[in-house]
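S.K.: make a model of this:
(chains A and B)
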Amino acid sequence: MNPVLLYVDPGSTSYLLQVIIAAVVGVAVYFKTIWWKIKSIFGKVDKKDSSTEETTDE
Amino acid sequence: MEKLIKKIVQQKKQLMSKLSSHPASFKDPAGFIIKMDETYYRQVNKVYADDYQLLMQSGLYEKLTRSKKLLSHTEVDTIIAEKDSWYKTILPQQLEFISYPYEWCFDQLKDAALLTLQIQKEALSHGMSLKDATPFNVQWLTGKAVFIDTLSFEKYTEGEAWVAYKQFCENFLAPLLLMKYNNAELNKLLLNYPNGIPLTIVSSLLPYKTKFNLGIYLHIHLQAKFQKKKSGEKETYRKHLSHTQLQNIVDNLVNLVKKLNLTEEKTTWNNYYNETILSKEYLSTKEKLVNEFLAAAEYKSVLDLGANTGEFSLLAAKSAKMVVAADFDTACVQNLYKHTIEKKIKNIYPLVLNITNPTPAIGWANSERNSFWQRINTDLIMALALIHHLSISANINFSMLADLLKSKCRYLIIEFVPKTDPKVQQLLSYRKDVFTEYTETNFEESFKQHFSILKKEQIPSTQRIIYLMKTNH
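M.R.: Got it, this is the predicted structure:
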């Protein structure tokens, strides 16, 4: 392990990273939503496609 | 009668003062595990009182335990291990067997990862968040992954990031990706890095093409780069991270993990029964014999050593309370795990284990995570078609094996495969035959030192012999 890393609080680097990831993922989700809407106009929506809805099983 | 009860309570209280926390519980100030009379309890400390109440009252506990995602518990008032910090003692549903992520196959780790993410999602919608995301908090109960750390939940404050995000990446995502893209045995790196595989290492090991997968790039490669760059610099950047954004990150991880699948690999072992000439007839007669022997023994728990895809573990599981099916071939364990999930078999614990080098004890003072033999306690051991591999490939002689097994079980179903057997000949074709002592007589003599032979049968149309033995003590 990089010895410098030992002095870094485990959570600290991940805050900025999570902000960046949230932004990127947010854009992806935005476009996906638009894509579903377009698909639904043509009646081609497959519910299993919707990535945000499928996470809570059972 | 009343006096007696008082005395018992008194004795228990005295005992309490001697009780200390489980060696693995030092990391979390919220509480610790206590073992008393073979039962595990968990003390909840005062500092965790608010979070504990929130867990119980927000409906999160109810929701998670109903769907069997979280281990359920009852509150007990009498057992107090450390008075000053004590808030509550809980008695969790007890587990039959503890296994660790470096002993799991790909799908087991994947299911544990998805469970952790589903719990985090559920927690977020109840105003809480997981402060830990380690596979050591996941165990197996009635054939399914279950989250065991009741004290891992904390109040979520809007704007905060997920504190266990990096831990999740290092402990779940990293080994899963290495298993998929490099080698299915690489979760064993967790043995060396039980707190998570450093992402700089993971990033350098993963193939270049993974950089073109957005999820893998963000959660692994970018994070690794960040760690290199950011180390030493003070983090002052604090931007508001909304609840939805946090959920999006978790969703993104869920989608990434869900899509990870192991390409099925044919090893020598996971097609053993299907492809070898040994198949069908040999198997059915052997099954009949094993069934007879099982019926003649008394047991609740079984350990199947060299279980392969679990053919005989499945037989034992019909009458045993629990069966640990151990094999060193991760593809075999994967097959068996898939089968148990598909058929909803609740009492088999598939385990990746090399009997010639079983899982050691690791962590602080080597007592944080126990070794394999410290964790297992079985009435009956099955060692079928194993002896020739131990003797000829690994140079473990009969008395060494008998010596080990005598203290691990009361009954033993063991198969002797003579030198004339084609499989043994195959093994010997790669090396010089220095195994002059590899004979049936020597085998029996060595085991008779510690065991009595109750039954002995030759498997028809082979020269292999199956024994049912019982320890002498």
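
S.K.: got the CA coordinates for stretch B:353-372 in PDB?
M.R.: The C-alpha trace of stretch B:353-372 is given here as PDB (Å, rounded to 0.1, in the frame of the first residue of the first chain):
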ATOM      1  CA  LEU B 353     -11.500 -24.900   0.700                       C
ATOM      2  CA  ASN B 354      -8.200 -26.700   0.100                       C
ATOM      3  CA  ILE B 355      -7.900 -29.400   2.700                       C
ATOM      4  CA  THR B 356      -4.100 -29.500   2.400                       C
ATOM      5  CA  ASN B 357      -4.000 -25.800   3.200                       C
ATOM      6  CA  PRO B 358      -7.200 -24.900   5.100                       C
ATOM      7  CA  THR B 359      -8.100 -21.300   5.700                       C
ATOM      8  CA  PRO B 360      -5.900 -19.900   8.400                       C
ATOM      9  CA  ALA B 361      -6.800 -17.500  11.300                       C
ATOM     10  CA  ILE B 362      -6.200 -13.900  10.400                       C
ATOM     11  CA  GLY B 363      -6.400 -10.400  11.600                       C
ATOM     12  CA  TRP B 364      -5.200  -8.800  14.900                       C
ATOM     13  CA  ALA B 365      -3.400 -11.400  17.100                       C
ATOM     14  CA  ASN B 366      -4.600 -14.000  14.600                       C
ATOM     15  CA  SER B 367      -7.900 -14.100  16.400                       C
ATOM     16  CA  GLU B 368     -10.200 -11.700  14.500                       C
ATOM     17  CA  ARG B 369     -11.200 -14.300  11.900                       C
ATOM     18  CA  ASN B 370     -10.900 -18.000  12.900                       C
ATOM     19  CA  SER B 371      -9.300 -20.700  11.000                       C
ATOM     20  CA  PHE B 372     -11.500 -23.300   9.200                       C
END
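
S.K.: stretch B:388-407: end-to-end distance?
M.R.: 21 Å (C-alpha to C-alpha, to the nearest Å).

S.K.: ok now it, how far from the chain's centre?
M.R.: 24 Å (C-alpha atoms, centre = their mean, to the nearest Å).

S.K.: go through it and flag the buried ones.
M.R.: B:388-392, B:396-399, B:401-402, B:405-406 (16 or more other C-beta atoms under 10 Å in any protein chain shown). For the C-beta atoms, the positions are set from N, CA and C on the backbone; glycine is no exception.

S.K.: next to chain A, which bits of chain B? Give me the list.
M.R.: B:67, B:117-118, B:121-122, B:161-163, B:165-167, B:198, B:200, B:214, B:218-219, B:222-223, B:226-228, B:230-232, B:235, B:237-239, B:241-242, B:245-246, B:248-252, B:254-255 (C-beta under 8 Å from any C-beta of the partner chain).

S.K.: can you flag the buried ones in the residues you listed?
M.R.: B:117-118, B:121-122, B:161-163, B:165-167, B:198, B:200, B:218-219, B:222-223, B:226-227, B:230, B:241, B:245-246, B:248-252, B:254-255.

S.K.: who's in contact with residue B:357?
M.R.: Contact analysis of residue B:357 by C-beta atoms under 8 Å, 6 or more residues apart in numbering or on different chains lists nothing.

S.K.: how close does it sit to chain A?
M.R.: Residue B:357 sits 25 Å away from chain A, going by C-beta to the nearest C-beta, to the nearest Å.

S.K.: remind me which helix or strand that residue belongs to.
M.R.: Element membership of residue B:357 [criterion: DSSP states H and E] is none; it lies in no helix or strand.

S.K.: give me the residue at the spatial middle of chain B.
M.R.: Centroid-nearest residue in chain B, with C-alpha atoms, centre = their mean: residue B:99, separated by 2.3 Å.

S.K.: ok, that residue touching residue B:352?
M.R.: No. The pair residue B:99 / residue B:352 is not scored as a contact, 9.2 Å apart, by C-beta atoms under 8 Å.

S.K.: so which residues of the stretch 1-150 of chain B form helices?
M.R.: Per DSSP state H, counting those that start in this stretch, the stretch 1-150 of chain B has helices spanning B:2-18, B:49-57, B:60-66, B:106-124. These are given in chain order.

S.K.: what ranges in chain A fall below the confidence cut-off?
M.R.: A:1-13, A:44-58 (pLDDT under 70).

S.K.: which elements pack onto the one helix or strand residue B:282 maps to?
M.R.: Element membership for residue B:282, per DSSP H and E: helix B:281-296. Contacts defined by 3 or more C-beta pairs under 8 Å, 6 or more residues apart in numbering or on different chains; DSSP states H and E place helix B:281-296 against helix B:311-317, strand B:411-416, strand B:451-458, strand B:465-471.

S.K.: ok and that helix relative to strand B:451-458, angle-wise?
M.R.: 150 degrees (axes from the mean of the first three to the mean of the last three C-alpha atoms, to 10 degrees).
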